[in-house]
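In: pasting the sequence and the predicted coordinates here, then a few questions.
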Amino acid sequence: MSTENPRETAPGPAALIPPADAIAPVRHPDAPPPGELLGAHYEHCFGCGGGQPHGLHLQARAGEGVQVSAEFTVKAAHQGAPGLAHGGVLATALDETLGSLNWLLRVIAVTGRLETDFVRPVPVGTCCTSTPR
């Protein structure tokens, strides 16, 4: 059994530096203008679709460049522990927000890997806002 603290041995900020040969994304000329509400990509999507009664109903807006912002309110149906959002629901909101960038880039993409560290519990009734950069 290891006594190492995984937070102390995990890669630091250097792990967030893109590879030297990475190409920065560019906003597509036909992308929605900043401030415009981005629609659901599929009516029955758990993250953004209106056809899911217990879904997140996440609303994303186009930002400047290749930025988006999104928000949803944690409902009772999103609970893990009593009164708190399930971590999988929060990860879904993050995934959905990042996926909404496809509207600005005009590409088709899916998530290959998603990893997150939660900072604190999120109570039911909280309006969560995500603005990836």
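Out: The structure has been received and is ready for your questions.

In: would you mind finding the longest helix in the chain?
Out: helix 87-99 (DSSP state H).

In: buried sites along that one?
Out: V89, L90, T92, A93, L94, E96, T97, L98, G99 (16 or more other C-beta atoms under 10 Å). Backbone N, C-alpha and C define where each C-beta goes, glycine included.

In: any chance of these in TSV, with pLDDT too?
Out: Converted to TSV, the buried residues of helix 87-99 look like this (pLDDT from 0 to 100):
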residue	pLDDT
V89	97
L90	97
T92	96
A93	96
L94	95
E96	95
T97	95
L98	93
G99	93
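
In: any low-confidence regions in this protein?
Out: 1-15 (pLDDT under 70).

In: all strands of it, in order?
Out: Taking DSSP state E as the criterion, the chain contains strands spanning 37-38, 59-62, 68-73, 127-130.

In: would you mind measuring from the residue nearest the centre of the chain to P29?
Out: Geometric centre of the chain, nearest residue: L94, 1.8 Å, by C-alpha atoms, centre = their mean. Distance, L94 to P29, using C-beta to C-beta, to the nearest Å: 28 Å.
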